[in-house]
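Chemist: Below is the sequence, then the predicted model.
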Amino acid sequence: MASGGYGDPSAKIDYVFKMVLIGDSAVGKSQILARYARNEFSLDSKSTIGVEFQTRTLVIDHKSVKAQIWDTAGQERYRAVTSAYYRGAVGAMLVYDITRRQTFEHIPRWLEELRAHADENIVIILIGNKSDLEDQRDVPTEDAKEFAEKEGLFFLETSALNATNVESAFSTVLTEIFNIVNKKRLAGAEEEQGNGNLSSLAAGKEINVVPGPAQEIPTNSSMCCKS
């Protein structure tokens, strides 16, 4: 599994994985990112304008992995950035607010957009954020779990406020990407960058990893649950 903290900028990087955060405005995407990348949380956070990203370096199986995590505004008027935003992403977090049913009901639309623009083998986790507001819950855990299982997504409920499951959510996605990349590298399936397939940066050069039919990203039922 993944381990390590906020990284030594001078350390050798074995892989760079781009992840994207998507979902409606004000579901807590920027707060999740701030908690993971800087271990920060701000109650007076303002809406994201356009696109921004943070990085964090961690160790998976003795390899140094830099997560490059992109956050975008959830408002409709910023969706023109779509294709550039998704390009090269190998992981995605679909985020909704457990206290606002509408944000969950919009998840299928976000998922459709993601699948239309991103690599077909992208690793996706569904995130129900604000689990600290249990008394205001408007989305039952079982509803989200059922949707995640149907769509083949990982699923966790998180709280950026008290840091519940934020590490686990990123670790789940990054470790799954890492395992896919290494499985294909061991099989000798390196290709040059540019074919639009699941890709990463390894030892200073870009490689493509193309999971074959027998190595589709599995629906990990053990992760599709509240923890």
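Modeler: The structure has been received and is ready for your questions.
Chemist: Below-threshold pLDDT in this structure: ranges please.
Modeler: In the predicted model of the chain, residues 1-11, 43-51, 73-82, 186-227 satisfy pLDDT under 70.
Chemist: For it, which segments count as strands?
Modeler: For the chain, the strands defined by DSSP state E cover 2-3, 15-22, 51-60, 63-72, 89-97, 123-129, 154-157, 199-202, 205-208.
Chemist: Put together CSV for those, with distance to residue 178 and mean neighbour count on each row.
Modeler: No exception for glycine: its C-beta is placed from N, CA and C like everyone else's. Below are the strands of the chain laid out as CSV (distance: least, C-beta to C-beta, whole Å; neighbours: other C-beta atoms under 10 Å):
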stretch, distance to residue 178, mean neighbour count
strand 2-3, 8, 14
strand 15-22, 7, 24
strand 51-60, 5, 17
strand 63-72, 6, 22
strand 89-97, 10, 26
strand 123-129, 10, 27
strand 154-157, 14, 25
strand 199-202, 9, 22
strand 205-208, 13, 16
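Chemist: if you go through the chain in chain order, where are the helices?
Modeler: For the chain, the helices defined by DSSP state H cover 29-38, 82-86, 101-105, 107-117, 141-151, 166-186.
Chemist: So which of those is nearest residue 159?
Modeler: For those, proximity to residue 159 was assessed by C-beta to C-beta; helix 166-186 is nearest, at 7.7 Å.
Chemist: sorry, back to before: which among the strands of the chain is found nearest to residue 28?
Modeler: strand 123-129 (4.2 Å).
Chemist: Show residues contacting that closest one.
Modeler: Applying C-beta atoms under 8 Å, 6 or more residues apart in numbering, the external contacts of strand 123-129 come out as 23, 27-28, 31-32, 90-98, 104, 107, 111, 114, 139, 141, 144, 147-148, 151, 153-160, 169, 172-173, 176-177, 180, 217, 223.
Chemist: Name every strand pairing with that strand and say which way it goes.
Modeler: According to DSSP bridges, strand 123-129 forms sheet pairs with strand 89-97 (parallel), strand 154-157 (parallel).
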